[in-house]
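Asks: Here is a sequence together with a model predicted from it:
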Amino acid sequence: MPTSEPLDPVIHAQSRLRIMATLAAVPQGDALVFPRLRQLLGMTAGNLSTHLSRLEEAGYVEQNKTFSGRMPATYVSLTPRGRAAFAEYTQQLRALLDAE
């Protein structure tokens with residue numbers, strides 16, 4: 001039976017869905033460094049930053065800025081809220097796909 005709830009518009013945008021799916025594959029408690037996430041997604045730094053900001057505003061991702069020696073490093077991970085939202089989104093999508 002399809003859900004009457006609309007799909008989460010924050011996640012549903014193609015680029016943000018790709019970001020969420022990629023980060024969901026990272027074990028909870030781990031993070032990806034920004035350049036690696038950018039490489040995996042084939043996105044520009046500016047485009048990725050824009051979408052990460054939107055996901056961060058929703059409480060779905062967390063960006064931790066630190067230093068590796070003298071070089072700045074930004075680590076990106078899903079928050080528990082983001083993992084739950086992505087799980088709900090995929091469940092709703094499966095229900096829509098399975099509906100006849």
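Replies: Perfect, I can see it now.
Asks: Just name whatever secondary elements the helix or strand hosting Tyr75 is in contact with.
Replies: Tyr75 belongs to strand 71-78 when assigned by DSSP states H and E. Counting contacts by 3 or more Cβ pairs under 8 Å, 6 or more residues apart in numbering; DSSP states H and E, strand 71-78 is packed against helix 14-24, strand 32-33, helix 34-41, strand 61-68. The way it works is simple: take the backbone N, C-alpha and C, and place the C-beta from them, glycine included.
Asks: what sits up against it?
Replies: Contacts with strand 71-78, where a contact means Cβ atoms under 8 Å, 6 or more residues apart in numbering, come from 20, 23-24, 26, 28-34, 37, 52, 60-67, 86.
Asks: Name only those of the residues you listed that count as buried.
Replies: Applying 16 or more other Cβ atoms under 10 Å to the contacts of strand 71-78, the neighbour count classes Met20, Leu23, Ala31, Leu32, Phe34, Leu37, Leu52, Tyr60, Val61, Glu62, Phe86 as buried.
Asks: any chance of those residues in JSON lines, plus pLDDT and distance to Pro9?
Replies: Shown next, in JSON lines, are those (pLDDT from 0 to 100; distance: Cβ to Cβ, whole Å):
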{"residue": "Met20", "pLDDT": "98", "distance to Pro9": "13"}
{"residue": "Leu23", "pLDDT": "98", "distance to Pro9": "18"}
{"residue": "Ala31", "pLDDT": "97", "distance to Pro9": "25"}
{"residue": "Leu32", "pLDDT": "97", "distance to Pro9": "24"}
{"residue": "Phe34", "pLDDT": "97", "distance to Pro9": "24"}
{"residue": "Leu37", "pLDDT": "98", "distance to Pro9": "22"}
{"residue": "Leu52", "pLDDT": "98", "distance to Pro9": "16"}
{"residue": "Tyr60", "pLDDT": "98", "distance to Pro9": "12"}
{"residue": "Val61", "pLDDT": "98", "distance to Pro9": "16"}
{"residue": "Glu62", "pLDDT": "97", "distance to Pro9": "21"}
{"residue": "Phe86", "pLDDT": "98", "distance to Pro9": "14"}
